[in-house]
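Visitor: need a structure here:
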Amino acid sequence: MLNYNRFLAASAAVLCGTHVLTAELYVDPLADEATGNSNLDLTEVSVTNDADSLFIDITTSTFEDWTKYLVFLDYEAGGISGNSNPWFRNVEMGANGIDAFAGIWVDNGGGIDTHANDDSDWFGQGLGSFVGINGSTVSIEFSLDVLGIGVGDVVKFDVGTSGGGNGDPATDLLSVGSTAASWGGVATAGELRSYTIVPAPGALALLGLAGVIARRRRA
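Guide: So this is what the prediction gives:
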């Protein structure tokens, strides 16, 4: 006779080992970058999550190893608004209260610099990691546990491209459907995009499996 408890435990191990994710895709208009650098021209950003991490993939028209990427996250009350970020990029966030920031570079193998804030000042924090580069797509991830968010929580976000100097603007912003700013200007964010943290695929499948088993045991 099949031991349902043992079968459920074994199935949990298998299902939780799967990593089938469905991403939300956020498309940015082509050629809306003012400096003429196609490596700064955002084309799309995809966001998804598993049980542990929030994944963000940033794609540009072309790739150059001097490109810098900016990610702004708003996932709780408070945060820092206005033109303030740890990389001193000229990006005006308006009234959006930004709770975390990540600056990403792709030269020398790539890396990420993450910061959170106490509603008044920024401080470095290990919120996530640099995953890698695939063509003109750069992938990063954030720890859900370190961010302090979970299933059902809404993360508002913006993504921009920039150069390597303090004072450079975001020359393309996901929240802006047209040119953000050229060199020497200030980029102004629009309405932040939103993503809702969903249950990991393995957890959903396991819940469905548990329901099937329960019905069989009652039959």
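Visitor: Show me the strands in the protein, by range?
Guide: Here the chain has its strands, by DSSP state E, at 24-27, 42-49, 53-60, 68-74, 91-92, 100-105, 111-117, 122-124, 128-134, 137-143, 154-162, 172-173, 187-188, 193-196.
Visitor: for these, which one ends up most surrounded?
Guide: Sort the strands of the chain by mean neighbour count, taking mean count of other CB atoms under 10 Å, and strand 172-173 sits at the top with a mean of 28. Yep, even glycine has a C-beta here, placed from its N, CA and C like the rest.
Visitor: helices or strands next to that strand in the packing?
Guide: The contact analysis (3 or more CB pairs under 8 Å, 6 or more residues apart in numbering; DSSP states H and E) places strand 172-173 against strand 154-162.
Visitor: Would you mind getting the angle between the strand it packs on and strand 42-49?
Guide: Our comparison of strand 154-162 with strand 42-49, counting by axes from the mean of the first three to the mean of the last three CA atoms, to 10 degrees, yields an angle of 150 degrees.
Visitor: Which strands and helices lie in contact with strand 154-162?
Guide: strand 42-49, strand 53-60, strand 68-74, strand 172-173, strand 193-196.
Visitor: for the second one, what is the average pLDDT?
Guide: For strand 53-60, mean pLDDT is 98.
Visitor: Now it - C-alpha only, CSV.
Guide: What follows is strand 53-60, C-alpha atoms only, in CSV (Å, rounded to 0.1, in the frame of the first residue of the first chain):
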residue,chain,number,x,y,z
SER,A,53,14.9,35.8,-4.3
LEU,A,54,13.5,38.5,-6.5
PHE,A,55,15.1,38.3,-10.0
ILE,A,56,15.5,41.3,-12.4
ASP,A,57,16.8,40.9,-15.9
ILE,A,58,17.6,44.2,-17.7
THR,A,59,17.9,44.2,-21.5
THR,A,60,19.3,47.0,-23.7
